[in-house]
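**Q** Need coordinates for the below:
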Amino acid sequence: MDMDKTRKNLWDVYFYRGMGDTTIYRSETARRLLINLSSAFLSLANEYNQRGQKEQAMAQLQKATQVVSGDWRTHAFLADLYTQSQDYRAAERELTSALKYNPEFFVLYHMLGSVNNLMGELDRAQAHYEKAMELNPGSQRLVFELAELYQSRGLAKKARELLENWLYKHPDDTTAQRMWRHWAGVDEEGQL
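**A** Next comes the predicted model:
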């Protein structure tokens, strides 16, 4: 990607003020073009982020949210950058915005649970992890994070039950087996 050319085109040549611009007609074709424009901002933000230029990446994403309201991806990417910068409130705000546009996407609830967990808001973290599990019970990472949260909150029985349900469907998952044995107080040979 030619970053300089892409930035110049996005910011100077094809300047667009967003979906709120009342001077243009917004057809379905225009909406699709705006999604493409938003994708270009996302690509440019990703390039900046990979080069360690987080402020530039954030500027691209913030512009993308202005250009196309309703694209959850920009909010999720911003939330990830805010989380990396330990600005958890801003990350939470962006994820809440993303959920308005894609309320059934488990990853957003998972991310929100993780952010709440980092802030020490364990009730909210648990609720968001559980919602993510409801939407996608097949996520191993989510099962482990929720089990660890249960365990840390003194809900050992819930943690073990979650792992037992997982192991019923995935009996060869050695990581889940180790976690369950550790929390159940059972050694490698099955002895208490």
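**Q** for the protein, which spans come out with low pLDDT?
**A** 10-27, 30-31, 186-192 (pLDDT under 70).
**Q** I figured Ser139 was touching Tyr129, is that so?
**A** No: in this structure, Ser139 is not within contact of Tyr129 by C-beta atoms under 8 Å, at 10.1 Å. Placement of C-beta: from N, CA and C, glycine included.
**Q** Pick out whichever of those two has more residues nearby.
**A** Tyr129 (26 against 16; other C-beta atoms under 10 Å).
**Q** What about the closest residue to that one other than its chain neighbours, how many residues nearby?
**A** In space, and not counting its chain neighbours, Tyr129 is closest to Gly113: 3.9 Å by C-beta to C-beta, 6 or more residues apart in numbering. Gly113 is flanked by 27 other residues according to other C-beta under 10 Å.
**Q** one step back: return every residue with contacts to both of Ser139 and Tyr129.
**A** His110 (C-beta atoms under 8 Å, 6 or more residues apart in numbering).
**Q** what about the helices in this protein?
**A** 3-8, 28-50, 54-67, 72-84, 88-101, 106-118, 122-135, 140-152, 156-169, 174-184 (DSSP state H).
**Q** Now do the domain split for the protein, please.
**A** What automatic domain parsing lists as the domains of the chain is 1-103, 104-173.
**Q** In a markdown table: the ones you listed, plus distance to Ala184.
**A** Below are the domains of the chain laid out as a markdown table (distance: least, C-beta to C-beta, whole Å):
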| stretch | distance to Ala184 |
| --- | --- |
| domain 1-103 | 33 |
| domain 104-173 | 6 |
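**Q** Any idea which of the ones you listed gets closest to His182?
**A** Taking C-beta to C-beta, domain 104-173 is the member of these nearest to His182, at 9.3 Å.
**Q** circling back to that earlier point, out of the domains of the chain, which is closest to Gly185?
**A** Proximity to Gly185 (C-beta to C-beta) singles out domain 104-173 among these, at 9.9 Å.
**Q** what number of residues lie near the closest residue to Arg141 other than its chain neighbours?
**A** The shortest distance from Arg141 to any non-neighbouring residue, by C-beta to C-beta, 6+ apart, is to His110 (8.0 Å). By other C-beta under 10 Å, the residues close to His110 number 23.
**Q** Next: Ala90.
**A** 17.
**Q** Over to Arg89?
**A** 10.
**Q** Quickly note the distance from it to Met119.
**A** 8 Å (C-beta to C-beta, to the nearest Å).
**Q** again with Leu108
**A** 17 Å.
**Q** Then Thr174?
**A** In terms of C-beta to C-beta, Thr174 sits 32 Å off from Met119.
**Q** Those two: which is more packed in?
**A** Set Thr174 next to Met119 and count neighbours by other C-beta under 10 Å: Met119 wins out with 15 against 7.
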